[in-house]
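In: Turn this into a structure:
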Amino acid sequence: MKMPQLVNPTAAVSLTALAVVVLLTASASRPSFLRRFEPSIESLPRGSSPRSVRRVPTDCDIFRGEWVPATGADDGAAPYYTNATCGEIQEHQNCMKYGRPDLGFLRWRWRPERCELPRFDAAAFLDLLRGKSMAFVGDSLSRNHMQSLLCLLSKVENPREVPKTADPEFRAVHYESHNFTVAVFRSPYLVTANQSDPAGGMWDLYLDEPDAAWVTGVAGFDYVVVSTANWFNRPTMFYEAGRLVGCHHCLVPGVADLKRTYSLRAALRTALRALTAGGEAGGFNGTVIVRTLSPTSHFEGGEWNKGGDCRRTRPEMRMSGLDVDFHTAQVEEFRRAEAAAAASGSAVRMLLMDTTAAMVLRADGHPSRYGHWAHENVTLYNDCVHWCLPGPVDVWNEMLLQILLRHQS
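Out: Model (predicted):
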């Protein structure tokens, strides 16, 4: 398999500005919590295969390409949904509700180098995932990803909420007519972590201990989409085998200041090891999809808490060394886990969802200050991490559908 490479940051991108006018208004094998909201019918009817859907050619790398102006000819000129048609958009990502004036960021589509990426087909997605379950594990960008998917699927069906659990960071919904469950588990570091110094922002990371909040929760799911990166920029102390081995920006005498990629690699390695070994102990036994990082470098004019902002209005080539380092670490750890799973005979399947090259170009797709009313006196920073809904993040689910179609069992 070809090793994914990030696009060349010096390459030219030819893009055309567009005028925009948009009208927007202000199973016993499953764990007990999954069985609670399975349909009362023993099993819902299944189609023998998903309905006809456009697929990309097998020789097309959908993760390498460019953003091009969307036109009516390719049915890409209109967003899939709006804040009026989808109720899943969190306030701080509701860019249209809070008056973002430049809606041109909705008028681009991702075109791979050797093919066209089809528009998201909600009916085909639900048919393909009939009787299945999918969990998103990671930080708030995992929730951003899930909310995009729910908005896209709302064109066909709105799910029902699963009863709350003891964990406030767990949420699941169920599409009854397709017997399809979607859940999200918040675990920013993927490993056991606690904030030892809230005032100073210091965290303790136990790099060889997978976070039990999600490890036990994903048992019985068919797909787990794993992602992490942004939180590894914070001050952290690193522990392995119960021993302090280093830190990032802790400024403690005698403690080695290690690179952020050290902790990212170790945490991802621990998480993937837990997933690929879980089937042997009655845990996870499905497909792991590793989504590479959403860029950390889209703040300009200052850091995230020191006046940094993201006010670009069109896709532009921009990539920092940290993004490259994080991406390299993630891909290498994925390959390592993939090889280890194959060598051990694990039934878990590993897939890479390499979205970084596409998203590093979209500094125009963040909420910035449009996550609240301009007159509100709030203490929020400009948001250049999450993505507007609708927005460029919807391409993640266009890619996800094609990955699932290509690797369907």
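In: Quote the end-to-end distance of stretch 116-134.
Out: Start-to-end span of stretch 116-134 (Cα to Cα, to the nearest Å) is 26 Å.
In: what does stretch 239-254 give?
Out: Using Cα to Cα, first and last residues of stretch 239-254 are 15 Å apart.
In: got the contact list for that stretch?
Out: Outside stretch 239-254, the residues that touch it by Cβ atoms under 8 Å, 6 or more residues apart in numbering are 202, 204-208, 232, 234-238, 255-260, 262-263, 266. Bear in mind the C-beta positions are built from the backbone N, C-alpha and C, glycine included.
In: Return the subset of those residues lying in strands.
Out: The strands, defined by DSSP state E, take in 202, 204-208, 236-238 from these.
In: shaky segments in the stretch 1-150 of the chain?
Out: Scanning the stretch 1-150 of the chain with the threshold set as pLDDT under 70 gives 1-51, 73-77.
In: Now Leu153: phi and psi?
Out: Summarising the backbone geometry of Leu153 under the convention degrees, to the nearest 10, its torsions are phi -80, psi -20.
In: now His248
Out: phi -120, psi 120.
In: separation between it and Trp214?
Out: 23 Å (Cβ to Cβ, to the nearest Å).
In: which of the two has more neighbours?
Out: A side-by-side neighbour count of His248 and Trp214, using other Cβ atoms under 10 Å, places Trp214 first with 27 against 22.
In: What separation do you get for that one and Asn194?
Out: 16 Å.
In: Filter the contacts of stretch 239-254 down to the buried ones and hand me the PyMOL line.
Out: Once 16 or more other Cβ atoms under 10 Å is used to decide burial, the buried members of the contacts of stretch 239-254 can be selected in PyMOL as follows:
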select buried, resi 202+204+205+206+207+208+232+234+236+237+238+258+260+262+263+266
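In: name the helices or strands packed onto the top helix by length along the chain?
Out: With residue count as the measure and DSSP state H as the assignment, the chain has helix 321-344 as its longest helix. Other elements packing on helix 321-344 under the criterion 3 or more Cβ pairs under 8 Å, 6 or more residues apart in numbering; DSSP states H and E are helix 260-277, strand 349-353.
In: Just the buried positions in it, please.
Out: For helix 321-344, a neighbour-count test (16+ other Cβ under 10 Å) marks 322-323, 326-327, 329-331, 333-334, 337-338, 340-341 as buried.
In: CA atoms only for it, dumped as CSV, please.
Out: Provided in CSV are the C-alpha atoms of helix 321-344 (Å, rounded to 0.1, in the frame of the first residue of the first chain):
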residue,chain,number,x,y,z
GLY,A,321,6.2,21.8,11.0
LEU,A,322,4.1,20.5,13.9
ASP,A,323,1.4,19.3,11.6
VAL,A,324,3.9,17.4,9.5
ASP,A,325,5.5,15.8,12.6
PHE,A,326,2.1,14.8,14.1
HIS,A,327,0.9,13.4,10.8
THR,A,328,4.1,11.4,10.3
ALA,A,329,3.8,10.0,13.8
GLN,A,330,0.2,9.0,13.3
VAL,A,331,0.8,7.3,9.9
GLU,A,332,3.8,5.4,11.2
GLU,A,333,2.0,4.2,14.3
PHE,A,334,-1.0,3.1,12.2
ARG,A,335,1.4,1.1,9.9
ARG,A,336,3.0,-0.4,13.0
ALA,A,337,-0.3,-1.5,14.5
GLU,A,338,-1.6,-2.8,11.1
ALA,A,339,1.5,-5.0,10.8
ALA,A,340,1.3,-6.2,14.4
ALA,A,341,-2.4,-7.1,14.0
ALA,A,342,-1.7,-9.0,10.8
ALA,A,343,1.2,-10.9,12.4
SER,A,344,-0.9,-11.9,15.4
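In: Taking helix 260-277 as reference, get the angle to it.
Out: With axes from the mean of the first three to the mean of the last three Cα atoms, to 10 degrees as the basis, helix 321-344 and helix 260-277 are set at 30 degrees to each other.
In: contact partners of helix 321-344?
Out: The list of residues contacting helix 321-344 from outside it, by Cβ under 8 Å, 6+ apart, reads 3-4, 6, 229, 232-233, 259-261, 264-265, 268-269, 272-273, 276-277, 290, 292-293, 295-297, 348, 350, 352, 354, 356, 360.
In: Using neighbour counts, trim the residues you listed to the buried set.
Out: Applying a neighbour-count criterion of 16+ other Cβ under 10 Å, the buried members of the contacts of helix 321-344 are 4, 6, 229, 232-233, 260-261, 264-265, 268-269, 272-273, 276-277, 290, 292-293, 295-297, 348, 350, 352, 354, 356, 360.
In: closest to Trp67 among the ones in strands among the contacts of stretch 239-254?
Out: Trp67 has its nearest neighbour among the ones in strands among the contacts of stretch 239-254 in Thr236, at 34.0 Å by Cβ to Cβ.
In: list the contacts for that closest one?
Out: Thr236 is in contact with 202-205, 247-250, 263, counting by Cβ under 8 Å, 6+ apart.
In: and if we set it to 7 Å?
Out: Each residue near Thr236 by Cβ atoms under 7 Å, 6 or more residues apart in numbering is listed here: 203, 205, 247-248, 263.
In: And for Thr276?
Out: If you count contacts by Cβ under 7 Å, 6+ apart, Thr276 has them with 337, 340-341, 346, 348.
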